[in-house]
Structure formats: structure tokens, C-alpha cells
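Asker: Sequence first, then the predicted structure, then my questions.
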Amino acid sequence: MARLQLDFPENQFYFTTQLTVRITDINSANHLANDSMISMISEARARFLYQFGIEEVSEKGVGIIVTDLATTYLREAFARDALIFEVGLMDLNKYGGDIIFRISKASNGELVALAKSGFVFFHFATGKVRPMPEDFRLRFPGVNSVEPEDNADD
């Protein structure tokens with residue numbers, strides 16, 4: 001049983017994409033490797049942002065950086081398995097929030113993994129966390145929000 005419990009509201013998923021497990025994604029135990037799953041989660045995140053017209057780094061030098069990643073594995077995936085990545089948002093705050101992932105097999109809907117990736121907006125030239133742009137928040141009006149700990153410079 002997983003020590004970490006991830007529970008996501010159904011209404012927080014906004015995007016779906018499919019990725020196929022490559023032979024190079026397989027580890028010595030003959031299933032999808034942890035590092036490859038993280039790469040696939042990163043690809044699904046990039047596709048999600050692109051779909052909603054969100055640049056990973058804007059003209060103003062502000063972008064999204066990942067602050068943490070939690071993943072629970074529920075079953076194995078194998079070479080050539082098509083995986084469905086449902087991607088959403090939750091727990092938005094002044095500076096960022098969580099991008100959430102539900103990963104299942106396209107063939108039978110079996111849940112393979114759940115993941116949650118924390119993110120903040122970051123100004124690369126100054127090296128400081130920045131408040132979330134209002135146009136980002138407006139793209140996802142149904143996302144739940146939390147009050148942040150105010151530990152970043154404005």
C-alpha cells in the first residue's frame with residue numbers, strides 16, 4: 001500500500017493527452033522506470049500549458065518552475081502501452097499551485113499512477129518568485145484556491 005495518498009477532485013482536470021511507453025523507458029524489472037515516468041509527466045505538463053497558450057517563459061522573463069513532485073504508482077506499465085494523462089490544477093495560491101496528473105492505460109482504463117507537481121511563477125533575471133499572472137488564473141476559473149504562506153518577495 002502506498003505511504004503517500006493523493007486524492008484529486010474530478011472537476012479539476014482540464015486536459016488529456018496520450019503518450020506511449022517506449023522500449024527505452026523500461027527498467028531492469030521490465031516495466032516503466034521511475035525516471036521515465038517523471039519525463040512523461042513533464043511532457044504531459046508541457047502539452048497542457050501549450051494547449052492553454054501558456055508559455056513556459058514569457059517575454060518578460062517570468063516562467064513556471066517545478067517546486068516538488070509526488071507520485072504514487074498503482075500498477076506497472078510496459079513497453080508499447082499507451083497511457084492517458086489527465087492533467088489539471090488545484091490549490092492555487094498567490095504564487096502558484098499544483099498541477100495534478102491521473103495516468104491510466106488506454107486499453108482498459110486501469111489506473112497506473114497519480115502525481116502532483118507543485119509550481120510557482122519565477123522571474124529568471126531577478127531569481128525571485130513572482131505572483132501568479134492574472135491571465136493565468138482567469139483561464140481556470142473553477143480551480144480551488146488556498147491561502148499561501150507569504151514568504152516570497154513581491
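Answerer: Received it, and whenever you're ready, just let me know what you need.
Asker: any weak-confidence spans in the chain?
Answerer: Flagging of the chain using pLDDT under 70 yields the residue ranges 1-2, 147-154.
Asker: what's the nearest residue to the residue nearest to the spatial centre of the chain if we skip its chain neighbours?
Answerer: Nearest residue to the geometric centre of the chain (C-alpha atoms, centre = their mean): Ile99, 3.9 Å. In this structure, Ile99 finds its nearest non-sequential neighbour in Ser117, 4.7 Å apart by C-beta to C-beta, 6 or more residues apart in numbering. Every C-beta, even on glycine, is put in place using the N, C-alpha and C of the backbone.
Asker: Now do the helix or strand encompassing that neighbour: which elements does it pack against?
Answerer: Take DSSP states H and E as the rule and Ser117 turns out to sit in strand 111-123. Secondary-structure packing of strand 111-123 (3 or more C-beta pairs under 8 Å, 6 or more residues apart in numbering; DSSP states H and E): helix 34-51, strand 62-73, strand 96-105, strand 128-130.
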